[in-house]
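Peer 1: Mind folding the following:
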Amino acid sequence: MSFEQILDFIRSQNEFIIYAILLLSAYIENIVPPFPGDAVMLSGAYLAGKGNTTYIGVIVSVMIGGVLGAMTLYFIGKSAGRRFFETGKGRYLIKGNLNKVDRMFDKHGSGILLISRFMPGIRSAIAVSAGIADFNRARMLILTTISFILWYGLLLGLMIYSKSNWRMIVNIVRQFNIVLISIGAIILIAWILRAIWRKRNSK
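Peer 2: Purely as a prediction, here's the structure:
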């Protein structure tokens, strides 16, 4: 679905429904990352510039939805994640690496969560991993909220600064996501190859 189609659909709704759509889309985007939550948010910001919604209403809606989504994943990881990776088929996916996840969050958890919203493709995994590592719940909530404020504040600021030039903003976000996803894919491939190499050399 193109941005124009998303915008047309949202514009056809009343203000209350628009805020509900923004909240729900931000929530779903965390659970299902390919969902175009940022495009929906930018649509709401564009309409705020036209008087259909308010900037405060838009930012509050996506903030609530986004944080709820991240915390849902956190509690999934906390309640069932470690057990899944310690038993059954899960142990073949990350066998021997749970301690590494724990150490990573002990040392760098706060920093990782602060930038998590800026990491497309893996931010959902970060929230689940925080739960698996039993990262402090209150710190998780606070740091994730700050990360969402920074990200959505940036998008909203760009929309206001560009005088609602949504084409420019959508293009910037698309390029940003492509670059970070590409970097993440390279890191993942390198990690897999390194794990395979170590396994072979340990025999």
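Peer 1: ok, Phe176 - how many residues close by?
Peer 2: For Phe176, the neighbour count with other CB atoms under 10 Å is 13. Every C-beta, even on glycine, is put in place using the N, C-alpha and C of the backbone.
Peer 1: so what's it scoring on pLDDT?
Peer 2: As summarised for this prediction, Phe176 has a pLDDT of 71.
Peer 1: again with Val67
Peer 2: In this model, Val67 is scored at 95, pLDDT.
Peer 1: residues near it, how many?
Peer 2: Burial of Val67, expressed as a neighbour count using other CB under 10 Å, amounts to 21.
Peer 1: ok, it - contacts?
Peer 2: With contact taken as CB atoms under 8 Å, 6 or more residues apart in numbering, Val67 is in contact with Leu141, Thr144, Thr145, Phe148.
Peer 1: Could you say which helix or strand holds it?
Peer 2: Element membership of Val67, judged by DSSP states H and E, is helix 55-76.
Peer 1: and if you look at Asp106?
Peer 2: helix 98-114.
Peer 1: the bottom helix or strand of the protein by mean pLDDT?
Peer 2: Confidence across the helices and strands of the chain bottoms out at helix 91-94, with a mean of 49, counting by mean pLDDT, DSSP states H and E.
Peer 1: buried stuff in stretch 57-67?
Peer 2: Of the residues in stretch 57-67, those scored as buried under the neighbour-count criterion (16 or more other CB atoms under 10 Å) are Gly57, Val58, Ile59, Ser61, Val62, Met63, Ile64, Gly65, Gly66, Val67.
Peer 1: Among those, which pair sits farthest apart?
Peer 2: Gly57 and Val67 (16.2 Å; CB to CB).
Peer 1: related to what we said a few turns ago, the buried residues of stretch 57-67 into a markdown table, with extra columns for distance to Lys107?
Peer 2: Conversion of the buried residues of stretch 57-67 to a markdown table gives the following (distance: CB to CB, whole Å):
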| residue | distance to Lys107 |
| --- | --- |
| Gly57 | 39 |
| Val58 | 36 |
| Ile59 | 32 |
| Ser61 | 34 |
| Val62 | 30 |
| Met63 | 28 |
| Ile64 | 30 |
| Gly65 | 30 |
| Gly66 | 26 |
| Val67 | 24 |
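Peer 1: Out of those, the closest to Val173 would be?
Peer 2: Of all the buried residues of stretch 57-67, Val173 sits closest to Val62, with 13.7 Å by CB to CB.
Peer 1: Verify the stated contact: the closest one with Tyr152.
Peer 2: Yes: A contact is recorded between Val62 and Tyr152 when judged using CB atoms under 8 Å, the distance being 5.4 Å.
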